[in-house]
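*Asks:* Here is the input, now give the coordinates:
(chains A and B)
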Amino acid sequence: MKNIHMDAQTIRQKFLDFFRSKGHNIIPSSPMVIKDDPSLMFTNAGMNQFKDIFLGTAPFRHKRIANSQKCLRVSGKHNDLEEVGHDCYHHTMFEMLGNWSFGDYFKKEAIGWAWELLTDEFRIPKDRIYTTVFEGSSEEGISMDGEAFDHWKQYLDEDRILTGSKKDNFWEMGDTGPCGPCSEIHVDLRPDQERNKVNGRDLVNKGHPQVIEIWNLVFIQYNRRISGELERLPKKHVDTGMGFERLCMVLQQKTSSYDTDIFQPVIRQISIMCDKKYGDNEQVDVAMRVISDHLRAIAFAVADGQLPSNTRAGYVIRRILRRAVRYYFTYLEQKQPLIFKLVPSLVASMGHAFPELQAQQQFIEKVIREEELSFLRTLESGIKRLDQIIAEAGRGKSAMINGLLAFELYDTYGFPLDLTELILKEHNLTVNRSEFDEGMKQQRQRSKTDAAVDTGDWIMVNDDAEGQQFIGYDHTSADVLITRYRKVKSKEGEFFHLVFDRTPFYAESGGQVGDTGYIVRGNDRISVINTIKEHNLTVHLTKKLPADIAAQLRAQVDVKARMDTARNHSATHLLHYALRKVLGNHVEQKGSLVHPDYLRFDFSHFQKLGEDEIRKVEILVNEMIRNNHDVHIREDSFENARKAGAMALFGEKYGDRVRMVQFGDSIELCGGTHIENTCQIGYFKIISESSIAAGIRRIEAITGSGYERFVEKQETVMKELNLLLGNPPDLIKAVSNLLDEKNQLQKKITLHNQQQINATKDTLLRQVKKVGDINLIYGETPMLDSAEAVKDTAYQLRNQVENLCLILGSLINEKPLLTIMIADNLVKEKNLNASDIVKIAAKEIQGGGGGQPFYATAGGKTPGGLSKAVEKAVETVFGKKV
RNA sequence: GGGGAAUUAGCUCAGUUGGCUAGAGCGAUUGCAUGGCAUGCAAUAGGUCAGGGGUUCGACUCCCCUAUUCUCCA
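*Replies:* Predicted structure coming up:
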């Protein structure tokens, strides 16, 4: 097939230009990491950022939109992770080109434009294109999508239009939500010779690597309810997605997306670094593909603010990186961090389309390098543990290792199973897979049952035709109507989610915690425990429902908490500004928590802040507070806000209209609630500075009444200390004197104890009784007051007296203690056992004990029996009274 | 959110069913050997066994709580 060669950059641009010419608005990709949707961690399809529009919980500003969206498919319904690298077209991170219609054009235009773009603009030969339409489903009560079929018929022969089942041609977002039939476009890339042998029609959707789907046109016309039934949507939408990497592969006439100019520069660099050629050895090729793919996923995730961690989204990123490390570790024989060195190459090829990569290049490299190092360490300790297991197996002469051991290695030490198997193979060993799987199954079961959340259907109450309105910037209480509610059961208990027609409650977002407060009608008062945002809806959490669900209620925000939160939020802006002033403009916000009691701010910076830097930041912030800056809040276009110098955050989703919050020179885009003038913050104090990951520092600080409580606490400590020490003129000196004194006394006690021991030893040495060749010492130790001292005495005598048999009765804290020490040679020659003897003698003090053959102790309850116990021990040793 | 593990000398780690009053290697200090160095030999210092409770005659070891870190599942 012949067409003009285009590089990736041009292809992307042509797509966008084409749809712009068809009246579409071109918008930027939304972040890959998702923040306000509990059912999804990453953007896994182009339509994610429009989900709220499809669900009807957000308004739309444009009827036609097109963009290139960065996506990640690594978990949940779409999980391609394990495929990546082994074939030539699966990817974790990929770009999805898409055009959308919101209640505007439908099947006719969507199909017509797709055909025009592919055949006119991109010059894909028409005889290589096949399309599919939904065949219908009796189970759902839907007939075949004849509409789509008829439109296609205008462009291709009927035998090139196939019908497909629910699996391939009915698209659903999740278990519930908007859905509808879809129509796929497939391209046959095989050489003519093969095309003549087998009809391409028979290979569509059959997993053939060169007959591939490149574009899916989804016609959203239904909503799936929890009950499973479909309801027709009042407004129909178009949602299309074309895999950018696959499109490039087609247009550049490659048989693998890894051969396109998207991946080749990186693969060439890996090849140079490892001194191995791409294309010579399948395992090496797989490894290089894995690394070049995963590099993109990780770099983009980090650029969007998602750091590798051990929970949720961060954990997924960590696992992707580890998979890459694991491949170069084994197949490219590299034992040093490598992926971070590829970042410049990635930035060179994608930085212009995604400026967030370029701006944070150094930071991304640092984070990746640290992660690589940490996993290489994990591998090292895992190999150590595995060596032990191999050694034990060698003794057992079994060729199969217990699967639970391999599971332990995986579960506890993070050591991958395939690597375990590979290393074992070198020792002619295998793993019992079914045992391993069993361990895995149990682990899954445990997690699932504990994390189960049961979310009910929304129940609509009052008609919310007006949509929901947030009035919390200006009001802290309002009369509201409940528009919908549902019940949610989880391990923590049963909650209700309430949505109002308008609300003064601020939902958790942008790091600021949700408002608390109550709703009330007459005597019916219900606490609002928290407020969260879900699909653009403000959801109020309560423990019960109002008696009259449809009636008007008074909603009241906890004003004290709201004001304290506002103080901390405004202070966060000042802190951000001050950090950039003091440390430099490389400081980027990486996370933030604004709580009524304190604030937490994470930011990129490569070293610990010095005492002087912290002071400088505090001084700067407090100066701004005292300068009485009024807050200026206004809405403007994103474009204008940037021009005005507002700081926007990477990984944050901004609409066309943004809210600018300004205090003096600090301007940020922010939807949070703020105080009116900086002086309301009162005072700002940093209470801790720490590191949370490579290249990221965390500052915790307090303001206003939080600072009052802090000072109060410090004062109380000082007062009480002074009181305890009798108001000394110099508190520090007083404490240090006290410590010195304590040390001296400690030394004196040690010395005194040693003297007591020596004195005891002297007394006992005078009482040595020769019984045969045994030097018997027995008696009591009135001078010793600790078990430790008795032990010392016994051990010292052991070194001084040969053929020793020592039997001591002591009174420690009014409790009797019996000690027996027997010389090593006597233990052997005379078959004496201190442990046995002490057990017999301890009966006299109603106690028990034991120890080793040469040394044993016993404690008891009756001090009166001590002397009898000593005698009993002597009798036991010699079989008679001595 | 749930499970598993780790925390012992400056560093890397041993430490047996609870008991030989806590060990090794590297590093540090000192001395010796050598013309000097690489180095070798010897000695010494260095420990709240993460912190707090409990069980026991006796806890680095067993149990509970807390902190930090690692790891797996969701």
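*Asks:* Pretty sure A:Gln361 sits against A:Ser345.
*Replies:* No - look at A:Gln361 against A:Ser345 with C-beta atoms under 8 Å: they stay out of range, at 10.9 Å. Heads up, the C-betas are built off the backbone N, CA and C, glycines and all.
*Asks:* And chain A, what are its domain boundaries?
*Replies:* A:8-255, A:356-451, A:458-557, A:562-711, A:749-878 (automatic domain parsing).
*Asks:* How many residues are close by A:Asp548?
*Replies:* Neighbour count for A:Asp548, taken as other C-beta atoms under 10 Å: 12.
*Asks:* Tell me the secondary structure of it, please.
*Replies:* Recorded secondary structure, A:Asp548: coil (DSSP: H, G, I helix; E, B strand; the rest coil).
*Asks:* which residues touch the closest residue to it other than its chain neighbours?
*Replies:* Residue nearest to A:Asp548 in three dimensions, not counting chain neighbours: A:Arg521, with 6.8 Å by C-beta to C-beta, 6 or more residues apart in numbering. Going by C-beta atoms under 8 Å, 6 or more residues apart in numbering, A:Arg521 touches A:546-548, A:551-554.
*Asks:* Most neighbours among those residues, which one?
*Replies:* When neighbours are counted by other C-beta under 10 Å, A:Leu553 leads the contacts of A:Arg521 with 23 neighbours.
*Asks:* how about that residue, what does it touch?
*Replies:* So A:Leu553 contacts A:479-482, A:519-521, A:546 (C-beta under 8 Å, 6+ apart).
*Asks:* Selection in PyMOL covering whichever of these are buried, please.
*Replies:* The following PyMOL line selects those of these that are buried, judged by 16 or more other C-beta atoms under 10 Å:
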select buried, chain A and resi 480+481+482+519+546
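*Asks:* Most widely separated two among the contacts of A:Leu553?
*Replies:* Spatial extent of those (C-beta to C-beta) is set by the pair A:Leu481 and A:Val520 at 14.0 Å.
*Asks:* What is the three-state secondary structure of A:Arg446?
*Replies:* Secondary structure, three-state DSSP: A:Arg446 is helix.
*Asks:* For A:Asn99, give the beta-bridge partners.
*Replies:* A:Asn99 forms beta bridges with A:Ala66, as assigned by DSSP bridges.
*Asks:* For the stretch 351-500 of chain A, just list every one of the strands.
*Replies:* Using DSSP state E, counting those that start in this stretch, the strands of the stretch 351-500 of chain A run over A:400-401, A:430-431, A:454-455, A:459-460, A:469-470, A:477-480, A:482-490, A:493-500.
*Asks:* Among those strands, which comes closest to A:Ile820?
*Replies:* Ranking these by distance to A:Ile820, with C-beta to C-beta as the measure, places strand A:400-401 first at 46.7 Å.
*Asks:* low-confidence ranges in the stretch 701-850 of chain A?
*Replies:* Where the stretch 701-850 of chain A drops to pLDDT under 70, the residues are A:739-740, A:742-743, A:746-747.
*Asks:* Likewise for the stretch 301-450 of chain A?
*Replies:* A:394-398, A:450.
*Asks:* OK, now which residue of it is nearest to RNA strand B?
*Replies:* The stretch 301-450 of chain A approaches RNA strand B most closely through A:Gly414 (2.3 Å), counting by C-beta to the nearest atom of the strand.
*Asks:* wait, isn't that residue in contact with A:Arg377?
*Replies:* No - using C-beta under 8 Å, A:Gly414 makes no contact with A:Arg377, being 10.4 Å away.
*Asks:* Compare neighbour counts for these two and give me the winner.
*Replies:* A:Gly414 (17 against 10).
*Asks:* Report the contact partners of the closest residue to the more buried one other than its chain neighbours.
*Replies:* Excluding the flanking residues, the one nearest A:Gly414 by C-beta to C-beta, 6+ apart is A:Thr378, at 5.1 Å. By C-beta under 8 Å, 6+ apart, the contact set of A:Thr378 is A:413-415.
*Asks:* Pull the contacting residues for A:Gly645.
*Replies:* Counted by C-beta under 8 Å, 6+ apart, A:Gly645 has contacts A:Ile667.
*Asks:* now it, what's its secondary structure?
*Replies:* Applying three-state DSSP to A:Gly645 yields a three-state assignment of coil.
*Asks:* List phi and psi for it.
*Replies:* Dihedral angles of A:Gly645 (phi, psi; degrees, to the nearest 10) stand at phi 90, psi 20.
*Asks:* quick one: it and A:Arg128, what's the gap?
*Replies:* Computed as C-beta to C-beta, to the nearest Å, the A:Gly645 to A:Arg128 distance reads 51 Å.
*Asks:* same question, A:Gly651
*Replies:* Distance from A:Gly651 to A:Arg128, counting by C-beta to C-beta: 39 Å.
*Asks:* So if I had to pick from the two, which one is more boxed in?
*Replies:* Using other C-beta under 10 Å, the more surrounded residue of A:Gly651 and A:Arg128 is A:Gly651, with 22 against 19.
*Asks:* Not counting its neighbours along the chain, what's nearest that one?
*Replies:* Setting aside the residues directly before and after it, A:Gly651 is nearest to A:Gly305 in space (C-beta to C-beta, 6+ apart), at 3.3 Å.
*Asks:* Identify the residues contacting that neighbour.
*Replies:* A:31, A:33, A:590-591, A:649-652.
*Asks:* again, only this time at 10 Å
*Replies:* Counting by C-beta atoms under 10 Å, 6 or more residues apart in numbering, A:Gly305 touches A:31-33, A:35, A:356, A:360, A:588-591, A:602, A:649-652.
*Asks:* Equivalent analysis for A:Asp836, please.
*Replies:* Going by C-beta under 10 Å, 6+ apart, A:Asp836 touches A:820, A:850, A:853, A:856, A:876.
*Asks:* Please flag which of those residues sit within helices.
*Replies:* With helices taken from DSSP state H, the overlap with those comprises A:Thr876.
*Asks:* In PyMOL, how would I select just the buried ones from the contacts of A:Asp836?
*Replies:* A single PyMOL command selects the buried members of the contacts of A:Asp836 (16+ other C-beta under 10 Å):
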select buried, chain A and resi 820+853+856+876
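*Asks:* now, which of the contacts of A:Asp836 sits nearest A:Glu135?
*Replies:* Closest approach to A:Glu135 among the contacts of A:Asp836 (C-beta to C-beta): A:Gly850, at 80.6 Å.
*Asks:* what is that closest one paired to in the beta sheet?
*Replies:* Under the criterion used (DSSP bridges), A:Gly850 bridges to A:Thr857.
*Asks:* so where do the helices sit in the stretch 651-800 of chain A?
*Replies:* With DSSP state H, counting those that start in this stretch applied, the stretch 651-800 of chain A shows helices at A:704-724, A:731-766, A:787-800, listed in chain order.
*Asks:* Show me which of these has the highest average neighbour count.
*Replies:* Highest mean neighbour count among the helices of the stretch 651-800 of chain A (mean count of other C-beta atoms under 10 Å): helix A:787-800, with a mean of 17.
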